[in-house]
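[1] need the 3D shape of this:
(2 chains)
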Amino acid sequence: MILILLAFSCEQKPKAEPVTAKVTTPDTSNKQPIEIAVNPYAPVDISPMDMSYFPVDYPKIKMTNANIAPPVARLIYSRPHLQRRALFNGILKYDEPWRLGANEASEIDFYKTVTIQGKKVPPGRYIIYGIPHVDKWTIILNSNIDSWGLKQDSSKDTGRFEIPIATNGHSLEYFTMVFEKTATGADLVIAWADIVARLPIQF
Amino acid sequence: MIKNIFSFVIVLMTAFTASAQSGLPTVDQSPMDMCYYPVRYPNLKTQDKITEPLAARVIYSRPKKEGRAIFGGLVEYGKLWRLGANEATEIEFYKPAVIAGKKIAKGRYTLYAIVNEKSWTFIINKETDVWGSFKYSQAKDIVRTDVPVQALSEPVEFLTMVFEKENQNINLVVAWENVKVALPVSF
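    Just a heads-up that it's a prediction; the model follows:
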């Protein structure tokens, strides 16, 4: 039986290998989008975009409740992954602004007025970026929307908030931002590698 | 085969472990993306190279062909399709737009399609922040328009949407598998 299995897997190998090599073995030194040769329009990003709503999964909830009130917030961001790199001294630098994502600036839409650290934030669209420090992060809302995530224009900052960081005991491969319900509103949870930061939002 | 099943189980275990460890969402199978008109507007804005004002943006998710028959198969002919995956596809106009002679106010809309072999029907609908096309209501349509299907010589693996300007005409181009369609938009 083992021999048969071995023979079978050997026989499979030449056929299976090219597919495996192409799809599941990322070459970490190669930052080029994998589809560049075959898609003349727009290759798929290495750091995929994603969106997070509050209430969490709002579009899904709306399927079963058509009369649901509008959402409170929506975040659109791209999700870089570690790819065996160290988060600090590999990807991020302490005390330097970071787009909290990849590619386009990360964007947050508030559908109603919210309060962050006592500051009222009017409804509308903002970009959100951060400055990671060794012991805390600064999270910044800025009015320069529809911009790329580099070279933030701090003259358009509309709010700066310092938040503590914690470690969560395991490593998260993909950068993740998601809302979590709290007694007074929701936390924006910002997590990557073993770091978690929470921005409390009241509404 | 056994090897494949084994790999599959490992992939599944990894996926579950990742989400069980953190309780945070895993990465989507069909990644989200956005496209602007003017094309690459955010890059241009950051480089101070804007030559015309911001007009439109589409946010959509990009399912992969993965060897499947797409049009007439996975995407059935004659049926409403979210033009993507997961959340319904969103189109936002930053100034008034015209599609098929219909004036559309600036704002966010949901974009659907009904795919057929020779033509597609694009639908702009005013219900936003929706998942898929499961609760679609025709009463909330702003405009419907039919466009012809064009054949592609090279197949496209991931659903792709991009604005293109040809002469003075702006099109939202949608390409997947071996077809492409173009939705004309004017501002």
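[2] neighbours of B:Phe122, how many?
    Using other C-beta atoms under 10 Å in any protein chain shown, the number of residues around B:Phe122 comes to 22. (Each C-beta comes from the backbone N, C-alpha and C, glycine too.)
[3] residues in contact with it?
    B:Ile99, B:Leu111, B:Tyr112, B:Ala113, B:Arg144, B:Thr145, B:Asp146, B:Val147, B:Leu183 (C-beta atoms under 8 Å, 6 or more residues apart in numbering or on different chains).
[4] and the two most separated of those residues?
    B:Leu111 and B:Asp146 (14.6 Å; C-beta to C-beta).
[5] and those two? Which one has more around it.
    Taking neighbours as other C-beta under 10 Å, B:Leu111 and B:Asp146 compare with B:Leu111 leading, 23 against 13.
[6] now the buried members of the contacts of B:Phe122.
    Buried members of those, counted by 16 or more other C-beta atoms under 10 Å in any protein chain shown: B:Ile99, B:Leu111, B:Tyr112, B:Ala113, B:Arg144, B:Val147, B:Leu183.
[7] quick one: which of those residues sit in helices?
    Counting by DSSP state H, these place none of their members in helices.
[8] among those, which are in reach of chain A?
    When C-beta under 8 Å from any C-beta of the partner chain is applied, no member of those is adjacent to chain A.
[9] what about B:Val179, distance to chain A?
    Noted for B:Val179: a distance of 13 Å to chain A, by C-beta to the nearest C-beta, to the nearest Å.
[10] returning to what we had before: so which of the contacts of B:Phe122 comes closest to A:Val114?
    B:Leu111 (28.5 Å).
[11] okay, and the beta partners of the closest one?
    B:Leu111 has these beta-bridge partners by DSSP bridges: B:Thr89, B:Ile124.
[12] can you give me the strands in the chain?
    Looking at chain A here, since you left the chain open. A:49-54, A:73-78, A:106-110, A:114-116, A:119-121, A:124-132, A:136-142, A:157-182, A:185-202 (DSSP state E).
[13] switch to chain B, please.
    Going by DSSP E, chain B shows strands at B:32-37, B:56-61, B:80-81, B:89-93, B:97-99, B:102-104, B:107-115, B:119-125, B:141-148, B:150-166, B:169-185.
[14] output those strands in a markdown table, with distance to B:Gly23 appended to each entry.
    Putting these into a markdown table (distance: least, C-beta to C-beta, whole Å) gives the following:
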| stretch | distance to B:Gly23 |
| --- | --- |
| strand B:32-37 | 21 |
| strand B:56-61 | 23 |
| strand B:80-81 | 32 |
| strand B:89-93 | 27 |
| strand B:97-99 | 41 |
| strand B:102-104 | 41 |
| strand B:107-115 | 30 |
| strand B:119-125 | 34 |
| strand B:141-148 | 39 |
| strand B:150-166 | 29 |
| strand B:169-185 | 34 |
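[15] how about a markdown table for those strands, with mean pLDDT added?
    A markdown table is the format used below for the strands of chain B (pLDDT from 0 to 100):
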| stretch | mean pLDDT |
| --- | --- |
| strand B:32-37 | 97 |
| strand B:56-61 | 98 |
| strand B:80-81 | 97 |
| strand B:89-93 | 98 |
| strand B:97-99 | 97 |
| strand B:102-104 | 98 |
| strand B:107-115 | 98 |
| strand B:119-125 | 98 |
| strand B:141-148 | 98 |
| strand B:150-166 | 95 |
| strand B:169-185 | 97 |
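[16] which part of chain B gets nearest to chain A, residue-wise?
    In chain B, the residue that lies nearest chain A is B:Pro31 (3.1 Å; C-beta to the nearest C-beta).
[17] show the contacting residues for A:Lys62.
    A:Lys62 neighbours (C-beta under 8 Å, 6+ apart): A:Ile68, B:Asp129, B:Val130, B:Trp131, B:Lys135.
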